Every structure is written in C-alpha cells, then in structure tokens.
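> Any chance you can model this:
(one chain, ligands or ions: 1)
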Amino acid sequence: MAVSAVIEFQKRFAEWLGVGWGFAFWKGRVAMYAILKAMGIGDGDEVLLPGYTCVMDVNPVKYLGARPVYVDIEPVTYNTDPALLEEKLTPRTKVIIAQHTYGLPCEMDAIMDIAGRHGIPVVEDCCLAMGSRYKGRLCGTFGLAAYWSFQWSKPFTTGIGGMATTDDGELAGKIDALCRAELQRPSAAAAAMLGLQRATYRALIYPRTTATATAAFRWLTRKGLVIGSSATCEFQPTMPEGFFLGMSAGQARAGLRQMRLLEANIAHRRRMRSIYDELLRQAGWDVPEIPDYMDPVLVRYPLRVADKGRAVAEAPGRFVELGTWFESPLHPAETPLELYDYHPGTCPVAEEACRQVVNLPTHPRADEATARRSVEFVKGIGKP
Ligand SMILES: Cc1ncc(COP(=O)(O)O)c(C=O)c1O
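Have a look, this model is predicted:
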C-alpha cells in the first residue's frame with residue numbers, strides 16, 4: 001500500500017504534465033539533487049541559476065561539489081535575463097536552471113536557443129509554477145527535466161514534498177537507478193508527524209491566521225518539535241545525514257487529493273491575479289505588463305512597495321498574509337552568501353527586487369475580500 005500510493009502519485013503527476021516519468025521525493029530540493037546527480041554533475045562543474053532564488057535551491061549544487069554561477073534577473077518577471085546568460089557560460093557550464101519565479105514563465109524561447117547553440121541542458125525549477133504556460137505549453141516540458149515542490153507555501157501542498165519529472169528515457173533510467181541504490185525511506189515517526197501537521201494546517205491556516213501560525217511554526221521548528229521546511233543544518237552547503245529521502249505514502253495520498261483539485265486551484269489563482277491587477281490599477285499602481293504569450297499561474301502575487309521593512313513589520317498586526325520572497329539573492333536574509341559563492345553586487349536587479357518586492361496570497365483559501373484587504377494595506381505603504 002505504502003509503495004503504491006507513491007507510484008500512483010508519480011504516474012498521475014507525469015500524466016498531468018504530459019511527460020513519461022515522475023519521481024517523488026521528501027522535498028523539492030531532493031528532487032533537484034536527484035536530477036543533477038543522475039546527470040553526472042560533480043566537482044568543478046558550473047550550474048547557472050538566477051541570483052534571485054532560495055538557498056535550498058543552491059544546496060544540491062554545492063552538495064555535489066559543483067559551483068553555482070548566478071545570472072541577474074529582468075525586473076518584470078523576476079526571471080533569468082536571457083540577455084545576460086550567454087556571457088556567464090564557460091567550458092565548465094553543465095546545466096542552466098530555468099526558475100519560473102512566482103509562477104511567471106521564463107523567456108523559454110531565448111533560453112532554449114542559447115542552451116541549444118551551446119549544447120547545454122536546461123532543467124526547469126517549477127517549484128513556484130504549477131500550470132503556468134509559455135506560448136501554450138506547460139512550464140516543466142521545455143527542458144531535459146523539471147523539479148517541483150509541494151511544501152506549505154507552494155502551488156499545492158503535501159506538507160513538504162517534491163517531484164522530479166522528465167520525458168527523457170535515458171535520464172529517467174539514471175534517476176531510477178540512483179533511487180534504487182541510494183534513496184532512503186522517511187522514518188515512520190517523521191511521516192506520522194507530517195500527517196499531523198497537514199491536519200493542523202487544514203484546520204488552522206487561513207489568510208488572517210497565517211502570520212501568527214508561521215511564527216509559532218518557526219518557533220516549534222527551532223525547538224525540534226515539528227518537521228520544519230528546512231533544518232538549521234541546511235543553511236550551510238554541506239549535505240546533512242539522511243538528506244536523500246523518498247516520499248512517504250501519506251504525502252503521496254495528500255498529493256493525489258491535491259491533483260483532483262488542481263484544475264480548480266489553477267483557475268482560482270488565475271482569477272486572483274486578475275482581481276489584484278484590477279484593484280491595483282484602480283489604486284493607480286502600475287501593473288507589470290506580462291507578454292500575452294505567457295500564461296502565468298501565480299503561486300503568490302509579487303509587487304514592489306516603498307518600504308518593505310515597514311510592510312513586513314506591520315502586516316501581521318493588520319492580519320495581512322504578506323510574503324517576503326525573496327529577502328536575499330539566496331533567500332532567506334540570514335544565508336551566508338559567501339559560502340554559496342554569491343558576491344554582493346553580482347546581480348543588482350535582483351538585489352533591488354529583494355529590497356522592494358513583497359507578495360500577496362493567491363491560494364485557494366484567499367478570496368476577493370483577502371485581495372481587497374491586502375491591497376488596502378499595500379496602498380498604505382505606498383509604491384516605490
Ligand atoms: C524557487 C525554489 N526552488 C526550490 C525550492 C526547494 O523546494 P523544497 O522546499 O520543496 O525543497 C524552493 C523552496 O524552498 C524554491 O522557492
């Protein structure tokens with residue numbers, strides 16, 4: 001039974017995406033690690049990433065002994081600026097990570113063209129982009145492989161969780177062999193605790209309660225009383241014991257439930273985006289012009305404010321679910337950048353975005369009233 005729920009979830013997910021293979025893991029970062037390791041990434045190889053990401057997205061690169069090389073973003077979609085990509089390529093570049101930030105698709109034609117001319121594979125980071133399309137095609141189907149996250153704040157949640165997908169039979173064979181040889185199973189205690197946390201989440205987390213609940217959750221995580229999204233040892237670039245973990249049956253069953261709700265989830269997020277666009281336009285804010293050929297499904301609605309520090313400090317008291325992604329080129333603010341080869345000034349557009357951008361909820365528990373309250377709040381903070 002335990003195995004079959006995971007197999008079923010992998011199958012359903014790959015079918016939804018329209019690719020041949022899905023491999024489920026304990027977290028999205030583990031899925032990324034599996035892809036890179038199966039591709040043979042190792043010592044001295046270079047992996048290109050946007051300088052506007054989560055440090056957990058850089059850890060797998062470092063764990064494999066490879067070097068992350070950061071490319072600045074363009075300021076509307078917060079995605080890798082293709083105009084800057086080519087100059088970062090060296091003979092050691094082995095992978096380009098295309099991260100669809102906030103659910104906004106990367107400029108895939110340009111990225112695939114550069115990658116193709118140089119013979120470098122693209123791997124898509126779809127952790128924030130489930131259902132987004134570029135020129136009608138689903139994000140996650142352009143590159144050699146893609147990885148997905150089902151952590152609490154992601155397009156849908158299995159508590160924590162992740163998936164690697166590919167349509168390439170050779171790579172799938174290598175991921176499969178790696179999993180058979182090295183993948184460990186999560187302990188029964190960890191799987192049960194996560195199940196309890198999912199039930200608590202379903203009962204307690206609504207836009208008005210998120211800030212308080214998140215603070216309590218972080219406190220409990222630091223005390224080691226619950227399973228956090230990231231352990232303290234994950235804020236340094238050394239692979240912790242027991243990192244390479246598979247998905248539990250409970251996570252997979254939660255994933256299967258979420259798959260049944262996926263089209264409604266996607267439709268809701270599209271509707272929330274147009275509500276935010278409309279409310280912000282009415283308030284006289286410039287709504288970013290996203291090209292027509294991009295059809296984003298936003299995990300959060302990003303916008304720039306005049307005083308991010310004040311917004312973050314005041315939001316909980318106003319019961320506004322305000323997100324801070326990304327606080328640093330390698331989120332969160334506490335990341336020791338030098339240990340991850342990021343030198344301040346490398347990605348100035350991303351660094352400015354870190355100072356200005358907050359994000360608002362689009363998830364199924366947020367509605368028009370949530371959007372109105374959130375927009376009233378940001379109006380009080382002001383635009384930059
Ligand atoms: C852009 C991005 N990629 C990858 C990850 C890693 O996902 P997970 O937390 O499931 O390991 C995250 C979040 O942590 C993320 O924001």
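> From the ligand, how far out is Glu334?
Distance, Glu334 to the ligand, by Cβ to the nearest ligand atom, to the nearest Å: 14 Å. Where C-beta positions appear, they are placed from N, C-alpha and C, glycine not excepted.
> meant to ask about Val122
15 Å.
> Look up the closest residue to that residue, ignoring the ones flanking it.
In space, and not counting its chain neighbours, Val122 is closest to Gly143: 3.7 Å by Cβ to Cβ, 6 or more residues apart in numbering.
> Can you tell me the SS state at the residue lying closest to Tyr201 once chain neighbours are set aside?
Distance criterion Cβ to Cβ, 6+ apart; nearest residue to Tyr201, sequence neighbours excluded, is Trp152 at 6.7 Å. Classification of Trp152 by DSSP: H, G, I helix; E, B strand; the rest coil places it in coil.
> how about the residue nearest to Val122, secondary structure?
coil.
> give me every residue that touches it.
Residues counted as contacts of Gly143 (Cβ atoms under 8 Å, 6 or more residues apart in numbering) are Ala98, Met112, Pro121, Val122, Val123, Glu124.
> Ok, Glu8 next?
Neighbouring residues of Glu8 by Cβ under 8 Å, 6+ apart: Ala252, Leu256.
> in the strand or helix carrying it, what counts as buried?
Here Glu8, judged by DSSP states H and E, is contained in helix 2-17. By neighbour count with 16 or more other Cβ atoms under 10 Å, helix 2-17 contains the buried residues Ala5, Val6, Glu8, Phe9, Gln10, Arg12, Phe13, Ala14, Trp16, Leu17.
> how about these in TSV, adding pLDDT and distance to the ligand?
Formatted as TSV, those follow (pLDDT from 0 to 100; distance: Cβ to the nearest ligand atom, whole Å):
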residue	pLDDT	distance to the ligand
Ala5	96	19
Val6	97	16
Glu8	97	20
Phe9	98	15
Gln10	98	16
Arg12	98	19
Phe13	98	14
Ala14	98	18
Trp16	98	18
Leu17	98	17
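> doesn't Gly42 make contact with Gly65?
Yes. Counting by Cβ atoms under 8 Å, Gly65 touches Gly42, with 5.5 Å between them.
> about what we covered before: pull the helix holding Glu8 out as PDB, backbone CA atoms only.
Extracted in PDB, the C-alpha atoms of helix 2-17 (Å, rounded to 0.1, in the frame of the first residue of the first chain):
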ATOM      1  CA  ALA A   2       2.700   2.400   1.000                       C
ATOM      2  CA  VAL A   3       4.600   2.000  -2.200                       C
ATOM      3  CA  SER A   4       1.500   2.000  -4.400                       C
ATOM      4  CA  ALA A   5       0.300   5.500  -3.300                       C
ATOM      5  CA  VAL A   6       3.700   6.900  -4.200                       C
ATOM      6  CA  ILE A   7       3.700   5.100  -7.600                       C
ATOM      7  CA  GLU A   8       0.200   6.300  -8.300                       C
ATOM      8  CA  PHE A   9       1.100   9.900  -7.500                       C
ATOM      9  CA  GLN A  10       4.200   9.800  -9.700                       C
ATOM     10  CA  LYS A  11       2.100   8.400 -12.500                       C
ATOM     11  CA  ARG A  12      -0.800  10.900 -12.200                       C
ATOM     12  CA  PHE A  13       1.600  13.800 -11.900                       C
ATOM     13  CA  ALA A  14       3.600  12.800 -15.000                       C
ATOM     14  CA  GLU A  15       0.300  12.200 -16.900                       C
ATOM     15  CA  TRP A  16      -0.900  15.700 -16.000                       C
ATOM     16  CA  LEU A  17       2.300  17.200 -17.200                       C
END
